[in-house]
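> Just the structure for this:
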Amino acid sequence: MQRLYDFLRRHPTGVDTSWAVVLFGFSLLWVGTTHPPVGNPVAYGVVAALFSLVVALRRRAPQMMLLLAVALGLAQLAFGLMPFFADFAILVIIYTVAAHDGTRWASRLALVGGLSAAPLSMLRWPSDAPGSALAHVFFTVIMTVPFALAWVLGDSLRTRRAYFAQLEERASRLEQEREAQAKVAVAAERARIARELHDVVAHNVSVMVVQADGAAYVLDSSPETAKQALETISSTGRQALAEMRRLLGILRTGEHQEAGEYVPQPDVQQIEDLVEQVRNAGLTVDFRVEGTPRPLPSGVELTAYRIVQEALTNSRKHGGPEVGASVRLVYFDDGLGLLVEDDGRGATQEMYEDGGADGRGHGLIGMRERVGMVGGTLDAGPRPGGGFRISALLPLKPAH
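Have a look, this model is predicted:
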């Protein structure tokens, strides 16, 4: 049955043609068996054939078939051809036009024509049966009901189709929006993980390289200093591995729990440990805290830690020999201020404008993105008298 139903849906014109043949056959049978004869059988046969054509092509050209049906109905009235079996095609075309999503004039014409068919027929062929005028009116109304019902059913089907089409369009649009939001979320998560990896790798590997160079330089003259440098390399490497495991745990859900190790996000309290680590790597850093320390939102604390980490890494990489830096944290009533400066030679102009002409400079881009995510502001550039300065203000609440 399903195959038959699918076949009929794929060949609507063939189905309509079959019904047209049936209509034509019954119409000829009615004309041939009517007693007394209804007039010229040829005229009735031509009208029956044209009405059958209306049924056959009702879905291919509904507006044209409606006009043809109207013309045939008027011709019946003009030439006195009484209503017969073929007039059933008028009900079919009224239903088809009302259900069609084409122009509305055709639907209105079908409704007006259907409501006018029975009254015009009663005026053209008044009944000779005895009865009151009210009975004739009642009979006319009863004959009008099928035409009105055909139009109502067709219009209801059209409205239902439009409703389901709107639902499908809305579902498709929502699906596209969900896909777009998912892509944006994935891109944002990738960017966040990329910033984290950059901060972890750039800082810790930089410390390890500096310590390794120092250990190689004093290995023969001061083994104790070399040993201390190697211990710093070891601890820095373990810290880098722990933070990278945490990042991998984000990419692979549950991995850090399975490994039995979890590393919390860095916060403001760990900035002092970060400064001490940088001091051990050979960079002189002056660290000060102003205001009353208090708990801050985790996003603000992580942003502050990463800014200080990236700024000190840049000072060590671009500041030159014997560079000194200072880190200043200021607790305001409505936010946290950061000021990181060094007295080195600073970075070239291309390193902090437009992401770096040589493809570098991602650290400062990451800083701006982090600060922007918490609704803060950041200024970075050379300071008067030489060196480099990074100043940030992180509000407790994101800006609207």
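
> Is there a neighbour count for V38? I'd like the number.
For V38, the neighbour count with other CB atoms under 10 Å is 15. For every residue, glycine as well, the C-beta is placed using N, CA and C.

> could you pull out the helices for the stretch 301-400 of the chain?
362-373 (DSSP state H, counting those that start in this stretch).

> how near is the nearest residue to G324 once chain neighbours are set aside to L394?
In space, and not counting its chain neighbours, G324 is closest to T284: 4.3 Å by CB to CB, 6 or more residues apart in numbering. Separation of T284 from L394 (CB to CB, to the nearest Å) stands at 26 Å.

> Which one's more surrounded, these two?
L394 (25 against 13).

> who touches the more buried one in this structure?
300, 303-304, 335-338, 371, 374, 376 (CB atoms under 8 Å, 6 or more residues apart in numbering).

> Mind doing that once more with 6 Å?
The contact partners of L394, taken as CB atoms under 6 Å, 6 or more residues apart in numbering, are 300, 303, 335-336, 374, 376.

> Which single one of those is nearest to A240?
T303 (19.9 Å; CB to CB).

> my guess is that closest one meets R368, correct?
No - using CB atoms under 6 Å, T303 makes no contact with R368, being 10.9 Å away.

> before we move on, back to that, please verify my assumption that the residue nearest to G324 contacts S326.
No - assessed by CB under 6 Å, T284 is found out of contact with S326, at 9.2 Å.

> Check the secondary structure at A106 for me.
Classification of A106 using DSSP: H, G, I helix; E, B strand; the rest coil returns helix.

> what's the pLDDT at it?
For A106, the model assigns a pLDDT of 91.

> Pull the number of nearby residues for it.
20.

> Quick check: closest non-adjacent residue to P12.
Nearest to P12 is R59, by CB to CB, 6+ apart, at 5.2 Å.

> Checking that neighbour next. Helix, strand or coil?
R59 - assigned by three-state DSSP - is coil.

> Backbone dihedrals for it, please?
According to degrees, to the nearest 10, the main-chain angles of R59 amount to phi -90, psi -20.

> Report pLDDT for it.
90.

> count of neighbours near it?
15.

> For E169, give its distance to R158.
Applying CB to CB to E169 and R158 gives a distance of 16 Å.

> Looking at these two, which is more packed in?
More crowded of E169 and R158, by other CB under 10 Å: R158, with 17 against 10.

> now the more buried one: how far from I93?
15 Å.

> what secondary structure does V285 sit in?
Criterion first, three-state DSSP; result for V285: strand.

> can you tell me how far it sits from D342?
V285 is 9 Å from D342, by CB to CB.

> Need the residues touching each of the two.
In contact with both V285 and D342: A325, using CB under 6 Å, 6+ apart.

> Same drill for the two, tell me which one is more crowded.
A direct count of neighbours by other CB under 10 Å for V285 and D342 places D342 higher, at 28 against 21.
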